[in-house]
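[1] here is my input; please provide its structure:
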Amino acid sequence: MEFRNESIDLHLLPAIEAVEWVPLEPNYRKIMYINTIFLWILPITWLVLSILMGWWQYPIWSGLAMVFTFLIPFLSTILVKPSFAVKFYAIRSHDIIFQTGLISRSQTVIPFDRVQHCEINRGVLSRWMGLSELNIFTAGGSASDLSIPGLSEARAAELCQFILLKIDAADEEE
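    Just a heads-up that it's a prediction; the model follows:
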C-alpha cells in the first residue's frame with residue numbers, strides 16, 4: 001500500500017463567508033448587563049469602606065485603588081453591547097459553529113461525528129428571561145467543548161434534538 005497525500009485546490013474549499021450566521025436572542029444582552037451589575041459590588045464596597053475606615057486620608061493610594069477598581073466594571077458595562085453584537089452561531093449539514101470575540105475573533109467548529117452528547121442548562125437569570133445554554137461535548141473531556149448561550153428554550157431543545165439525531169445517524173452508518 002502506497003501512502004499518498006495529495007494537495008487540495010484551496011479555491012474549492014467552502015467559503016466561511018457563505019455561512020448563514022444566526023444571532024443570539026436579544027434577552028441575552030440583558031443578562032450580560034445584569035452580570036456586570038455584580039462586578040460593581042466590589043468598587044461600591046471599596047468606596048464605602050474607604051469612607052468608613054478613613055482611607056480617603058491617603059489620597060494617592062486610595063485614588064489609584066479606586067481608579068483600578070472602577071475600571072474593570074466600567075469597561076465591562078461599556079463593552080456588553082459590542083461584544084453581544086459579535087456572538088453568532090451556525091448549523092451546517094456536518095457541523096455546528098459558534099463565533100465570538102470582540103478584540104480577537106474566535107470561531108469554534110464542532111463536527112457532528114465527534115459529538116458525544118449535548119445538554120441544556122438554564123441558570124436563574126436565563127430561566128427568568130426564557131433562555132437556555134446549549135453545551136456540546138466531544139470525546140476526551142469533562143468540560144463542554146462548545147457552549148452557546150442566549151438561545152430560546154425552544155431553539156436549544158431543537159438544536160439538542162437535531163444533534164442527537166445526527167449522532168444516532170452517524171452511529172448507524174458505522
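[2] next structured bit after the least confident helix or strand in the chain by mean pLDDT?
    Using mean pLDDT, DSSP states H and E, the weakest-scoring helix or strand in the chain turns out to be helix 41-53, at a mean of 78. Downstream of helix 41-53, the first helix or strand assigned by DSSP states H and E is helix 59-84.
[3] angle of that following helix against helix 41-53?
    When axes from the mean of the first three to the mean of the last three Cα atoms, to 10 degrees is applied, the directions of helix 59-84 and helix 41-53 differ by 160 degrees.
[4] what's the spacing between helix 59-84 and its chain's center?
    Taking Cα atoms, centre = their mean, to the nearest Å, one finds the center of helix 59-84 at 22 Å from the center of the full chain.
[5] again with stretch 106-120
    How far stretch 106-120 lies from its chain's middle: 14 Å, per Cα atoms, centre = their mean.
[6] tell me the buried residues in that stretch?
    108, 109, 110, 112, 114, 115, 118 (16 or more other Cβ atoms under 10 Å). C-beta: built from backbone N, CA, C; applies to glycine.
[7] quick one: average confidence on that stretch?
    Averaged across stretch 106-120, pLDDT comes to 91.
[8] what's the end-to-end length of that stretch?
    Start and end residues of stretch 106-120 are separated by 22 Å (Cα to Cα, to the nearest Å).
[9] contact partners of that stretch?
    16, 94-100, 132-139, 144-146, 153, 156-157, 159-160, 163-164, 166-167, 170 (Cβ atoms under 8 Å, 6 or more residues apart in numbering).
[10] need the buried ones from these selected in ChimeraX.
    Entered in ChimeraX, the line below selects the buried ones among these, by 16+ other Cβ under 10 Å:
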select :95,96,97,98,99,100,132,133,134,135,136,137,144,145,146,153,156,159,160,163,166,167
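[11] among the contacts of stretch 106-120, which ones are in helices?
    Counting by DSSP state H, the part of the contacts of stretch 106-120 found in helices is 153, 156, 157, 159, 160, 163, 164, 166, 167, 170.
[12] quick one, grab the pLDDT at the third one.
    At residue 157 the predicted local distance difference test score is 97.
[13] where in this structure is pLDDT low?
    Applying pLDDT under 70 to the chain flags the ranges 16, 55-56, 58-59, 61-62, 141-144, 170-171, 174.
[14] change it to 90
    Applying pLDDT under 90 to the chain picks out residues 1-2, 4-19, 37-76, 93-94, 113-114, 138-145, 166-174.
[15] would you point out the most distant pair within the ones in helices among the contacts of stretch 106-120?
    Greatest spatial distance among the ones in helices among the contacts of stretch 106-120 (Cβ to Cβ): 153 and 170, at 26.2 Å.
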